[in-house]
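K.L.:
Quick one: sequence and predicted model below, then my questions.
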Amino acid sequence: MKFLLTFLFVFTLFLSNGGREFQKSFPTETYNEVLDRAPEYYLLEWKSGTRLLKKKADLFIEVDSFNAQEVAAMINENEDPVLYASDIATPVCADGECKLMHIRLYWTLLGEYAGFDTYPELPLTKHDHDEFQKADYEKLHKLLTDDKSVLKRRKLDQLVEKPIMRNVNGVDALSGATVAEVKESVVSGALYSCYVAWHLAHGNIRDKIKAYTLSILNTDMLMGMLYSKNTSYQLFALKEMDPSQFIEHHSQLVHIFKTAVPLVRSIMAKELPDKYQNSPDLQKPFWEAFSEIDIGSRSLLLRHLESAPPFVTDIVSTRLGALTKNQITVFLEFLSPKKHTPELLKNLRSFADSESEAYSYLVKNYLEEQEQ
Amino acid sequence: MHPFRFRKLLLLSFVLHFCMVYGQEILIEAESFDDPGGWVIDPQFEQQMGSPYLLAHGMGQPVQNAKTKITLDTAGGYHIWVRTKNWVPGKWKAPGRFQLKVGGTFIGKTLGLRSGWGWEYVDSVLVTSREIDLELVDLTGFNGRVDAIYFSTVKKEPPASLKKLAEWRKSIKAEPNEPPRTESYDLVVVGGGIAGCAASIAAAEQGLRVALIHDRPFLGGNASEEIRVHTLGIYGNFERILKKLDTEHYPNGSVDAKLDQKKRDDNVKSYENIALFLNHRAYEAKAEGDTIQYVDARHTSTGERIRFVAPRFVDSTGDGWIGYWAGAEFSYGRESVDTYGEDWAEHGELWSPKEPDNAVMGSSVLWGSKKTDREHVFPEVPWAMPVAKRYAKVAGEWQWEFSRPDLHQIHDAEEIRDHMLRAIYGAFYNAKQDTANANRKLEWVSYLVGKRESRRLVGDHIFTFKDAKEGRKFPDGVVIETRDVDIHYQTVLEDEENPDFISEALFYKTPEYYIPYRSLYSRNIANLFMAGRNFSCSHAGLGGPRVMRTTGQMGAAVGLAAALCKKYNVGPREIYTGYLNEYLALIEEQKFEKIPETKR
């Protein structure tokens, strides 16, 4: 609370005196009207030759209690937005002193943090006036990349006070661990700048940008997301695509299944039979990736054994070494004598006889029971 | 050739009190050893692998021998088996190796090598005396485990499958179904976590005779000094009771948990009408129709069994065992986002899935190390590295959590615990490669699984995230909370390079919210209350009130309801339908200590 009062007092002084001077020195209108290189700190892929132009999108970000700054769409040659950007100048105050922080923030089409640029003449500084070094900018980028940062739920004054060790009724005090986590995630000596930047990047602008994108979404934009490596884009595309697009872009979906993070893959594993219900051939590449994918997605895929095409039994039985104990059990429970093709039995026996497989005994027991 | 290799064994003469003799065979339960030495009794997985067992939890230092004396029916030649398992089968030496000494002599080979729980043949011996010493000799300090030792004159391995093994155990012990001792109470509370303790205190204060059954030597469950999670949440209507049980806000895993342990144990024991059955684990609840008749429990080391009869029961086991055995409806895993309208668009599938699944919040095993004034060597742990990979840490907090879709938090709890032990030992080994940690040694590693989520018994109301988000008011909203709804997921979901044993929390800021009394009794078992994480809720609904002051509120609320049930001889549901005003008045009344008649 003491900090907040100090902040307000100093900030009022700042507005009445030196604020205009700072604003004047910041060339927001002329900088980067054209973006033809990746932002210096950037999360998405940047295809060479990309040239984005700034276009008004009627979006504004509140940089402090008194000011809002424009957020522009950065559009490609089809005039579709690829990014959103805002040239931000916002006061950062600490220990009774305020300075302007200049940063150009970028957001994805879904309103998530995408990266930032700095201004060579206006570097970020720490409380002791030292300029940010490259490692500091990288740490800031890492912090901004974390949309669930420990800074999210905390007020600034909570982060600078010593932890309260007793958790009193209704107050969720900070634990020592949280304080350590804050220290680890912010740039040393620049807690205030980090805090302000994080809350700008992840504030309510996110929902506004997403709503704007949805209002102009077209197939090119959606396919751009499908062919991106960005997890949120992949998830969004999977949710929005119609059944024919699942067939048309089958190869890319197989590629995603093999390379995406487990969260994306697990959703695909759940929905696979629905999407390719009458197309066993289209299902096959997914099942063939069976041993390469994460354990969780594999378990979700195994839930479809009963409705899977016949070739799946042989595929799984040749990859038993990749299965966990419970997955082997699930597979054996699914098998029944009528499903015992010679090929399957050969695979099972080979696994059961292996001395290097920790769970070969499960298959051995199963075969013994079947023979009784 | 004689089938036995002969060894001369010492003649001893002590009384057998724990071995079950059947003809020429004898089964010795490891947990019943006279002196477990440095081995600890682990009863957590009895329902999955068949019995409490001895665990050599030495954090890398071989523990002292467990010792006992047994009396055989006759001297002569015996075959010996131990029931054990290699807890990390793979291309390395088994981490939990041990040997058996009979009459002071090492017998047979190194043990603890087989995959999966089962019998490992030790050797054959000639016993020249009926009374002999047995010793378990730990070779590694890395969690070797022994369930039982079996001597037989016939070389026939005991059954492997759990069902057959249980029958065989009963027959060899000549154990009838009914426990030899029966006790009757007004209320039987199973599970001595914060919820179970609060239920017991609240009921006892209203004059009920309460049995509190708990499978550990210390009360508190996840808050106990054996697991060391601090209590969170608010006191709601039950500050006076909960202050007897809760913890300071120390870091999770802190040794300070011992201070609150003493407070809690002393407070519960101060109630004369709470009969406390520590080290007793319930193993059956029998319902006739929709009414539970009794709960059977067994002492975790002596094996002594007691039948608990009561008109009403509280399931505070966390895993919902009593409800499960009695046939109560329950749920497990995540409902689809549409089931109860639990969407949070910002986090989508991580928060609530489009399709239901088995994903649940995981279990933690807390641990810590300390700096000392001399160098400590920590051995290589190749069997831990596939889990720990390059992750290096010197302590664990709540983020050390494990859940995976192929693992069930109850059925696979042992594998989950063991996975966390591999993570801990591997991460500590990695940290020790840094010379800055040369003087550091492991101080404490829990061997108990601190669970967040398991079975959720279904009540007349299923508490959901929507109830919390909207701050929905209920006429019977007896539990109050302000804590964010907080759901965890494994960070490996977002990046396969992340360790699979580290979680992240998603916090949804809510207004004050309320849990109705109707979420605290079973929908289809007429005399069953529940308090704790197994109360009636959805997966996302559990996110907020799963912390221990909130579960403590549930316990206290249930304890008071049980008192009214007794007064009117009705079931839990009737308190809501017929006596709600009196119940709410009782909750108000109990907030302050009653002034004794003599001091008025």
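P.N.:
Ah, there it is.

K.L.:
tell me the contacts of A:Thr213?
P.N.:
Contacts for A:Thr213 (C-beta atoms under 8 Å, 6 or more residues apart in numbering or on different chains) come out as A:81, A:109-111, A:221. (Glycine included, C-beta is placed from N, CA and C.)

K.L.:
what about the nearest residue to B:Ala561 once chain neighbours are set aside, neighbour count?
P.N.:
Nearest residue to B:Ala561, sequence neighbours excluded (C-beta to C-beta, 6 or more residues apart in numbering or on different chains): B:Ile575, at 4.9 Å. Burial of B:Ile575 is recorded as 28 neighbouring residues (other C-beta atoms under 10 Å in any protein chain shown).

K.L.:
and the helix or strand where B:Ile575 lies, what does it pack onto?
P.N.:
Following DSSP states H and E, one finds B:Ile575 within helix B:572-578. Other elements packing on helix B:572-578 under the criterion 3 or more C-beta pairs under 8 Å, 6 or more residues apart in numbering or on different chains; DSSP states H and E are helix B:548-568.

K.L.:
do that again at 10 Å, thanks
P.N.:
The helices and strands touching helix B:572-578, judged by 3 or more C-beta pairs under 10 Å, 6 or more residues apart in numbering or on different chains; DSSP states H and E, are strand B:528-530, helix B:548-568, helix B:580-589.

K.L.:
what about B:Asp373, neighbour count?
P.N.:
B:Asp373: 5 neighbours (other C-beta under 10 Å).

K.L.:
Next, it: secondary structure please.
P.N.:
With DSSP: H, G, I helix; E, B strand; the rest coil as the basis, B:Asp373 sits in coil.

K.L.:
quick one: contacts for it?
P.N.:
Contacts for B:Asp373 (C-beta atoms under 10 Å, 6 or more residues apart in numbering or on different chains) come out as B:Asn439.

K.L.:
now B:Glu225
P.N.:
By C-beta under 10 Å, 6+ apart, the residues touching B:Glu225 are B:218-219, B:247, B:254-262, B:264-265, B:444, B:446.

K.L.:
give me that answer again for 8 Å
P.N.:
B:Glu225 is in contact with B:218, B:255, B:257-258, B:260-261, counting by C-beta under 8 Å, 6+ apart.

K.L.:
Please, which helix or strand holds the closest residue to B:Gly477 other than its chain neighbours?
P.N.:
Take B:Gly477 and drop its neighbours on the chain: the residue closest to it by C-beta to C-beta, 6+ apart is B:Tyr514, 3.0 Å away. Using DSSP H and E, B:Tyr514 falls within strand B:513-516.

K.L.:
How far off centre is that strand?
P.N.:
Chain-centre distance of strand B:513-516: 27 Å, with C-alpha atoms, centre = their mean, to the nearest Å.

K.L.:
So which residues make contact with that strand?
P.N.:
For strand B:513-516, the surrounding residues in contact (C-beta under 8 Å, 6+ apart) are B:461, B:463, B:467-482, B:535, B:544-545, B:550, B:553-554.

K.L.:
ok, 10 Å please
P.N.:
Residues outside strand B:513-516 that contact it (C-beta under 10 Å, 6+ apart) are B:236, B:459-461, B:463, B:465, B:467-483, B:485, B:535-537, B:541, B:544-545, B:550, B:553-554, B:557, B:576.

K.L.:
What's the PyMOL syntax to select whichever of the residues you listed are buried?
P.N.:
Buried residues among the contacts of strand B:513-516 (16 or more other C-beta atoms under 10 Å in any protein chain shown), as a PyMOL selection:
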select buried, chain B and resi 236+459+460+461+463+465+467+468+469+474+476+477+478+479+480+481+482+483+485+535+536+537+541+544+545+550+553+554+557+576
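
K.L.:
ok now do the residue of the stretch 51-200 of chain B found nearest chain A, which residues does it touch?
P.N.:
In the stretch 51-200 of chain B, the residue that lies nearest chain A is B:Pro89 (3.6 Å; C-beta to the nearest C-beta). Contacts for B:Pro89 (C-beta under 10 Å, 6+ apart) come out as A:325, A:357-361, B:113-116, B:383.

K.L.:
that older thread, determine which stretch of the helices and strands packed on helix B:572-578 is the most buried.
P.N.:
Comparing the helices and strands packed on helix B:572-578 by mean neighbour count (mean count of other C-beta atoms under 10 Å in any protein chain shown), strand B:528-530 comes out on top with a mean of 32.

K.L.:
tell me the mean pLDDT for it?
P.N.:
Average pLDDT, strand B:528-530: 98.

K.L.:
Now the element after that strand, going C-ward?
P.N.:
Using DSSP H and E, the helix or strand that follows strand B:528-530 in sequence is helix B:539-542.

K.L.:
that older thread, just checking, the residue nearest to B:Ala561 touches B:Asp460?
P.N.:
No. Using C-beta atoms under 10 Å, B:Ile575 makes no contact with B:Asp460, being 11.2 Å away.

K.L.:
Can you work out which residues contact both of the two?
P.N.:
Listed as contacting both B:Ile575 and B:Asp460 by C-beta under 10 Å, 6+ apart are B:476, B:517-518, B:520-521.

K.L.:
From A:Asp314, how far off is A:Pro342?
P.N.:
According to C-beta to C-beta, to the nearest Å, A:Pro342 stands 11 Å off from A:Asp314.

K.L.:
quick one: which of those two has more around it?
P.N.:
Set A:Pro342 next to A:Asp314 and count neighbours by other C-beta under 10 Å: A:Asp314 wins out with 15 against 7.

K.L.:
what's the closest non-adjacent residue to that one?
P.N.:
Closest to A:Asp314 by C-beta to C-beta, 6+ apart is A:Glu343, at 5.5 Å.

K.L.:
Next, the contact list for the residue nearest to B:Leu219 when sequence neighbours are not counted, please.
P.N.:
Leaving aside its chain neighbours, B:Leu219 sits nearest to B:Gly192 (4.4 Å; criterion: C-beta to C-beta, 6+ apart). With contacts defined as C-beta under 10 Å, 6+ apart, B:Gly192 is in contact with B:199-200, B:212-216, B:218-221, B:224, B:264-265, B:268, B:276-278, B:280, B:316-317.
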